[in-house]
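Chemist: need coordinates for the following:
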Amino acid sequence: MIILYFISLLLIFYLLAKICDQYFVESLDVIAKKWKLSDDVAGATLMAMGSSAPEFFTALIALTKIGSEQVGTGTIVGSAIFNILVIVGMSSIVATAYLNWKPVIRDLLFYIISILILLWTFADGIITWQESLMYLVGYAGYVLILSRWSGWFPDEKQFNMLEEDIEIFEKEEKRHEHSECFGKVFSLIDHMVAMTFPQKAHLRKSYWKVFFRSIVWIVVLSWGLVEIAVLAAHDLGMPQVIIALTILAAGTSIPDLLGSLIVAKKGRGDMAVSNAVGSNVFDILIGLGFPWFLYVVVTGGSVLVGTENLFSSILLLFFTVVTLLFLLITQKFKMGFRSGYFLVGLYVLYVCYSVYGAYYPEAWTLGDLLAYGGQVLGIIR
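Modeler: Sure thing, here's the model as predicted:
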């Protein structure tokens, strides 16, 4: 049965990547141009929505399933850890990145603020409507600063993240068409998905249809993720939140990882790092804040959060961003393979800690993990 769950998860991850990158992001690109949004604002809002849609809807749907509320939160927190440690780490291994410190510090500061808000609201284990509103206000401030950024620093290089993401997917799709391994199976799946959307030549003309049909697909697939996580956790005798923090988090972030690696190979390390950090700001402030706000407004109650597994992962989340900031400053905003291997290695330790700790909670504490990470950080320096 576990094998069946694993195959089902792989299929859902593939479909989410396919629909988000080929259809959802395509429609968002048209919407951004119709609304005449700047690249910065489009990247922080629509592009972030496109890349974080699986995590967002997983969090939203998990709130509707009694006893599984932590699956959505765990997916987002785990995805944030994956983005910083694996995406930034692997991008640094693929190619040394020389980063522009201004936008990186900007995004990291907002990311730190996001984590501090998360820690503060998790302290009592209850999310009220005022606390959920704080998340939304925080993200509005982030978007406001981004909208003014090009005016404050007019000579700074800007990236069109929407166009870059579409270009990346088109290249990957062409390469996939020539792949022999499982080619027929994936072609059949692609054909079935394409039947639910307008013809490719009319995708950009029918962008609202594409937008809403993509959301329907993502909602259904996200519901499948939550259900499989619950069943797999039961069969493995493991807390649902651990499945969310590790397997679901990594699976929903794989498309972002592949896109960032391609960007890094082009020598655009700024984009890879900024996309990872910016996605995390969206995931925390909107991916958690909006579902929570919607839930407390509709039900009139509050959201129960703050299990030990989640709280320790949020602490680790704070440690990862401090570690990244430390590496950037000491390396003079140069991310090379040594830093990359350290970040990826830290993620492996985190997964081992999460899984092993689920069965033997007293054997290895978070303090042990952070202490070991600090020792290795001294060596890297």
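Chemist: switch to C-alpha atoms for all contacts and neighbour counts from now on
Modeler: Noted.
Chemist: and the residue lying closest to residue 206 once chain neighbours are set aside, what pLDDT?
Modeler: Excluding its sequence neighbours, the residue lying closest to residue 206 (Cα to Cα, 6 or more residues apart in numbering) is residue 198, at 7.1 Å. pLDDT recorded at residue 198 is 84.
Chemist: same check, this time on residue 350
Modeler: The model reports residue 350 with a pLDDT of 87.
Chemist: pLDDT below threshold where in the stretch 1-150 of the chain?
Modeler: Residue ranges of the stretch 1-150 of the chain with pLDDT under 70: 38-40, 43-44, 150.
Chemist: how about the helices of it, start to end?
Modeler: 2-18, 25-34, 39-42, 48-62, 69-82, 88-94, 101-122, 129-152 (DSSP state H, counting those that start in this stretch).
Chemist: who are the packing partners of the fifth one?
Modeler: Looking back up the chat, that one is helix 69-82. If contacts are counted by 3 or more Cα pairs under 8 Å, 6 or more residues apart in numbering; DSSP states H and E, helix 69-82 sits against helix 48-62, helix 207-236, helix 240-243, helix 249-265, helix 269-282, helix 308-330.
Chemist: pull the shortest one out as PDB, backbone CA atoms only.
Modeler: Put plainly, it is helix 240-243. Taking Å, rounded to 0.1, in the frame of the first residue of the first chain, the C-alpha atoms of helix 240-243 are listed here in PDB:
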ATOM      1  CA  GLN A 240       0.800  13.600   9.600                       C
ATOM      2  CA  VAL A 241       2.800  16.800  10.000                       C
ATOM      3  CA  ILE A 242       6.100  14.900   9.500                       C
ATOM      4  CA  ILE A 243       4.900  13.600   6.100                       C
END
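Chemist: quick one: average confidence on it?
Modeler: Mean per-residue pLDDT for helix 240-243: 84.
Chemist: going forward, count from 33.
Modeler: Sure, I'll start numbering at 33, so the last one becomes helix 272-275.
Chemist: what packs against it?
Modeler: Of the remaining helices and strands, those touching helix 272-275 by 3+ Cα pairs under 8 Å, 6+ apart are helix 101-114, helix 239-268, helix 340-362, helix 369-391.
Chemist: how far does that helix sit from its chain's centre?
Modeler: Helix 272-275 has its C-alpha centroid displaced from the chain centroid by 17 Å (Cα atoms, centre = their mean, to the nearest Å).
Chemist: equivalent analysis for the last one, please.
Modeler: Helix 340-362 has its average C-alpha position 16 Å from the chain's average C-alpha position, going by Cα atoms, centre = their mean.
Chemist: what's the first helix or strand after that helix?
Modeler: Going down the chain from helix 340-362, the next helix or strand is strand 366-367, by DSSP states H and E.
Chemist: from the middle of its chain, how far away would that next one be?
Modeler: Here strand 366-367 shows a centroid-to-chain-centroid distance of 22 Å under the convention Cα atoms, centre = their mean.
Chemist: cool, stretch 367-381 as well?
Modeler: Chain-centre distance of stretch 367-381: 18 Å, with Cα atoms, centre = their mean.
Chemist: repeat that for stretch 231-240.
Modeler: Distance, stretch centre to chain centre, for stretch 231-240: 27 Å (Cα atoms, centre = their mean).
Chemist: over to stretch 134-149?
Modeler: Remark: stretch 134-149 is offset 15 Å from the chain centroid, using Cα atoms, centre = their mean.
Chemist: buried stuff in it?
Modeler: Across stretch 134-149, burial judged by 16 or more other Cα atoms under 10 Å covers 135-136, 138-147, 149.
Chemist: how long is stretch 44-57 end to end?
Modeler: Chord length of stretch 44-57, first to last residue, is 18 Å (Cα to Cα, to the nearest Å).
Chemist: mind listing what's buried in stretch 152-170?
Modeler: Residues of stretch 152-170 classed as buried: 153-154, 159-161, 163-168, 170 (neighbour count, 16+ other Cα under 10 Å).
Chemist: who's in contact with residue 101?
Modeler: Neighbour list for residue 101: 91, 94-95, 336-337 [criterion: Cα atoms under 8 Å, 6 or more residues apart in numbering].
Chemist: rerun that using 7 Å as the cut-off
Modeler: Residue 101 is in contact with 94-95, counting by Cα atoms under 7 Å, 6 or more residues apart in numbering.
Chemist: can you check residue 142 too?
Modeler: residue 313.
Chemist: same deal with residue 151?
Modeler: Counting by Cα under 7 Å, 6+ apart, residue 151 touches residue 346.
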